[in-house]
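Chemist: Here is a sequence with its predicted model. Questions after.
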Amino acid sequence: MDLKPKSASVLADSALINKSRLGIQSNMLPCTQSGTSFSSSMLSAPRKKPGKLDDVRSNGWLDAMQSSSPPRKKIVKDFGVEIASDDCDIAYNSWMLKYPSALNSFDHIINRAKDKKIVIFLDYDGTLSPIVDDPDRAFMSADMHSAVKGVAEYFPTAIISGRSRDKVRELVGLAELYYAGSHGMDIMFPVQETSTNDCSSYIRSTDKQGKDVNLFQPAGEFIPMIDEVFKTLVEVTKDIPGAKVEDHKFCTSVHYRNVDENSWLMVAQRVHDVLNDYPRLRLTHGRKVLEVRPVIDWDKGRAVEFLLESLGFSNSDDVLPIYIGDDRTDEDAFKVLREGNRGYGILVSSIPKESKAFLSLRDTFEVSDFLKSLVKWKEQVDMK
């Protein structure tokens, strides 16, 4: 189907969001950022004219970009002031009173896990691999690869990443994991009779090993639109040194990590102007990245809930989910686990910042240590 933004009637076409075709509930249909469902009149409303340079200042985009990945020697603006590097350890130790180390809290975690099934959810960038200038070279260390492989042998383990599902699976390289790409909008999980989800929403497929799997893609109707936006963003940012646009199939990322800070406003404005033609897409902020996503009620938190139910762990009394992540997009998952004290959200950060997580780890090295601790504990339990 042609989803070119030049035709207002196409954007207003209700067939694009027909829930029987999407296989999803009505509360997952496209909505505004405040949660209100789109109507045909909203979708067919006159488009805004290309923005002026003060647009991205007035709507907070530039401020969000500047705070999305603060310098390592400073403390984020959540505290209201910047703190000199000599005071960072003091500030971090104080912050950890609110977000204790998951390593130091390990005994508490496993005591709570008694008679429960632990399920592990992991972000990729900044959690399993360090943040690097070139996202194509964000590789896990051999030690981390071994730790993740070990955890997956004992516990159901899923990677939930903003990257495309195929790309993150290629980077991880472990067939025994479950993968959810595009912030959970592209989920691959095993075929199980215990699943209580509506099977009509699945796509039956096979993985590279020939094993039957299910695919759940709540934003499938948006693929042509995302592809068109990706190509447009590549074109409009090609003259900005350091800018990089990635296609994640169900969302698109514009990286500005390698862009001179004086040109961030230019990046933001050009993305802003492109999105003026796409009222059914929204922008979110990550660590020096602008991410364009479909406006549907779906995020990493919903993906966690969906996977738990699909794996047969919908009863919260039987499962202890643990989610480890470092970015703003992981906050949706932390929030789900915080509500009702369902499990543990663990924030990976070397600087203090506000979060919905319960616990913290300083960096990828501590993530690896935590995962290896889980494996060691499980091996000891099984030997008894």
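Modeler: That came in fine, so what should we check first?
Chemist: Which stretches in the protein count as helices?
Modeler: If DSSP state H is used as the criterion, the helices of the chain fall at 8-11, 19-22, 40-43, 55-58, 61-67, 88-95, 106-112, 142-154, 165-172, 223-237, 264-275, 300-310, 331-338, 364-383.
Chemist: Skip the chain neighbours and tell me the closest residue to residue 327.
Modeler: residue 286 (5.2 Å; C-beta to C-beta, 6 or more residues apart in numbering). For glycine as for every other residue, the C-beta is placed from the backbone atoms N, C-alpha and C.
Chemist: thought that neighbour was touching residue 328?
Modeler: Yes - taking contacts as C-beta atoms under 8 Å, residue 286 lies within contact range of residue 328: 6.0 Å.
Chemist: These two: who's more crowded?
Modeler: Between residue 286 and residue 328, counting by other C-beta atoms under 10 Å, residue 286 is the more crowded of the two (21 against 16).
Chemist: who touches that one in this structure?
Modeler: The contact partners of residue 286, taken as C-beta atoms under 8 Å, 6 or more residues apart in numbering, are 68, 162, 253, 327, 328, 329.
Chemist: JSON lines for the helices of the chain, including distance to residue 132 and mean neighbour count?
Modeler: Compiled in JSON lines, the helices of the chain are given as follows (distance: least, C-beta to C-beta, whole Å; neighbours: other C-beta atoms under 10 Å):
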{"stretch": "helix 8-11", "distance to residue 132": "37", "mean neighbour count": "16"}
{"stretch": "helix 19-22", "distance to residue 132": "36", "mean neighbour count": "13"}
{"stretch": "helix 40-43", "distance to residue 132": "39", "mean neighbour count": "14"}
{"stretch": "helix 55-58", "distance to residue 132": "26", "mean neighbour count": "16"}
{"stretch": "helix 61-67", "distance to residue 132": "19", "mean neighbour count": "17"}
{"stretch": "helix 88-95", "distance to residue 132": "22", "mean neighbour count": "14"}
{"stretch": "helix 106-112", "distance to residue 132": "29", "mean neighbour count": "14"}
{"stretch": "helix 142-154", "distance to residue 132": "14", "mean neighbour count": "18"}
{"stretch": "helix 165-172", "distance to residue 132": "12", "mean neighbour count": "20"}
{"stretch": "helix 223-237", "distance to residue 132": "20", "mean neighbour count": "18"}
{"stretch": "helix 264-275", "distance to residue 132": "19", "mean neighbour count": "21"}
{"stretch": "helix 300-310", "distance to residue 132": "22", "mean neighbour count": "22"}
{"stretch": "helix 331-338", "distance to residue 132": "22", "mean neighbour count": "22"}
{"stretch": "helix 364-383", "distance to residue 132": "11", "mean neighbour count": "17"}
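Chemist: who wins for proximity to residue 357 among the ones you listed?
Modeler: helix 331-338 (4.5 Å; C-beta to C-beta).
Chemist: for the stretch 101-250 of the chain, which spans come out with low pLDDT?
Modeler: 192-201, 206-210 (pLDDT under 70).
Chemist: Which residue ranges of it form strands?
Modeler: Here the stretch 101-250 of the chain has its strands, by DSSP state E, counting those that start in this stretch, at 117-122, 157-160, 178-181, 186-190, 203-206, 212-216, 244-247.
Chemist: Next, the buried residues of the fifth one.
Modeler: Looking back up the chat, that one is strand 203-206. By neighbour count on 16 or more other C-beta atoms under 10 Å, the buried set for strand 203-206 is empty.
Chemist: Please name the strands paired to that strand in the sheet, noting orientation.
Modeler: strand 212-216 (antiparallel) (DSSP bridges).
Chemist: before we move on, back to that, measure the residue nearest to residue 327 to residue 320 for me?
Modeler: To residue 320, residue 286 is 28 Å away according to C-beta to C-beta, to the nearest Å.
Chemist: are any of the contacts of residue 286 buried, and which?
Modeler: Looks like the contacts of residue 286 have 68, 162, 253, 327, 328, 329 buried, using 16+ other C-beta under 10 Å.
Chemist: Counting only strands, which of those residues make the cut?
Modeler: Using DSSP state E, the members of the buried ones among the contacts of residue 286 that fall in strands are residue 253.
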